[in-house]
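S.K.: What follows is a predicted protein model with its sequence.
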Amino acid sequence: MFLFFFAANAVSAQINKADSTVQVIAYWSKGEKQIFDLEKTKYKVKGTDTTKTSVINCRVAVTVLDSTANSYTIEWKYLYCKSSENNELYQKLNDLSKDIKFIYKISELGEFVELINWEEISAFYRKVFKKIFNDIPSDKPEIEQLLKNLEAKFCSREYIESAAIKDIQQFHFFHGIKVKLGEEITNKIPIPFPLTGSEIPTDLTLFLDEIIEEEDNYIIRCRQIFDSEALKKVMGDYIDSLTKSMGAKKDFEFSKDTKVSGDIYTSALIHDSGWLVYGIHTTTMDMESSKTIEENTIEIVTNE
């Protein structure tokens, strides 16, 4: 299906059929451009009931601006985003975001290196918050204070270089690794908690699930399980800081018996050229009888 589509780009092979290994490498050229559809879905699960709380659909253009012997410069541009919620403010803010571009550098393998234009992104977020402030009723000072706290966080370099580029990080998640069919890679690594950026230890398991020779594609899967006690502390600190920023005086604290767990599942269908064909990234947070799930998918658009 995708073999013809990528034929001109796959100048080198990263699938070694002789020993059933794959190394995820970006074999791209300056000027190459691909279009992708993104879908971000949130669910709440309570007991046996699952509720879809929101869906956001985006289209993004990924362009190779420059290519050298040891790096690429990439432009990631959101062409549009649409929310399932009938929210006039969201749509106004979406109109503001049409021209925003994330310019970043990756290694010769395709591993994310750095965001180049974080200051431009910060200026955009300030523009967004200015729009929000203009729509706040004058009799809601507590909301204004909360938004000021959020503005300081969202416009910071630390936030932009972590949470604001989650889609880009998912896109390049597997680039640079080498894995053999039938073998598992396990490791203990810290990763940022999605809401705060605070690092939490995780147990990682990664494996090559399938090589699809006739299409020069392969599937890699990874699961990261959060350390429960560390997750519980970070979640408690986040809820505590959030309630304080809204004017609440009582400190939040989980009880000793409260059970908190979470994991992140990432899977990708990747072409031999290094371009992502389809990827899914699912974050699950489980607290007692309540569970929240965020599912992000990225799929290449072949009919553009």
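M.R.: Now that the structure is in, tell me what you want to look at.

S.K.: Sticking with residue 170, tell me its helix or strand.
M.R.: Applying DSSP states H and E as the criterion places residue 170 in helix 166-171.

S.K.: what about that helix, average pLDDT?
M.R.: Average pLDDT, helix 166-171: 95.

S.K.: helices and strands around it, which ones?
M.R.: strand 71-83, strand 276-287, strand 290-300 (3 or more CB pairs under 8 Å, 6 or more residues apart in numbering; DSSP states H and E). Any C-beta I mention is one placed from the backbone N, CA and C, and that applies to glycine too.

S.K.: Give me whichever of those strands is most buried.
M.R.: Highest mean neighbour count among the helices and strands packed on helix 166-171 (mean count of other CB atoms under 10 Å): strand 276-287, with a mean of 19.

S.K.: elements contacting that one?
M.R.: helix 166-171, strand 260-271, strand 290-300.

S.K.: Give the pairing partners of it; include direction for each.
M.R.: Strand pairing for strand 276-287, using DSSP bridges, gives strand 260-271 (antiparallel), strand 290-300 (antiparallel).

S.K.: Go through the helix or strand hosting residue 224 and list whatever outside residues touch any part of it.
M.R.: Secondary structure from DSSP H and E places residue 224 in strand 217-226. For strand 217-226, the external contacting residues (CB atoms under 8 Å, 6 or more residues apart in numbering) are 2, 15, 22, 24, 173-174, 177, 179, 189, 191, 200-212, 261-272, 277.

S.K.: pLDDT averaged over it - what is it?
M.R.: On average, strand 217-226 scores 96.

S.K.: now that strand, how far from the centre of its chain.
M.R.: How far strand 217-226 lies from its chain's middle: 14 Å, per CA atoms, centre = their mean, to the nearest Å.

S.K.: now swap in stretch 53-60 and tell me
M.R.: Using CA atoms, centre = their mean, the offset of stretch 53-60 from its chain centre is 13 Å.

S.K.: got the buried residues for that stretch?
M.R.: Along stretch 53-60, these residues count as buried under the neighbour rule (16 or more other CB atoms under 10 Å): 56, 58, 59, 60.

S.K.: surely the second one meets residue 77?
M.R.: No. Using CB atoms under 8 Å, residue 58 is not in contact with residue 77, being 10.6 Å away.

S.K.: Which pLDDT value goes with residue 273?
M.R.: 93.

S.K.: if we can go back for a sec, going by distance to residue 107, which of the buried residues of stretch 53-60 wins?
M.R.: residue 60 (21.0 Å; CB to CB).

S.K.: The closest one: what's it in contact with?
M.R.: Contact partners of residue 60, counting by CB under 8 Å, 6+ apart, are 35, 36, 38, 76, 77, 78, 79, 167.

S.K.: and it, what are its bridge partners?
M.R.: With DSSP bridges as the rule, residue 60 is bridged to residue 36, residue 78.

S.K.: all strands of the stretch 101-250 of the chain, in order?
M.R.: 101-107, 112-115, 178-180, 184-192, 199-212, 217-226 (DSSP state E, counting those that start in this stretch).
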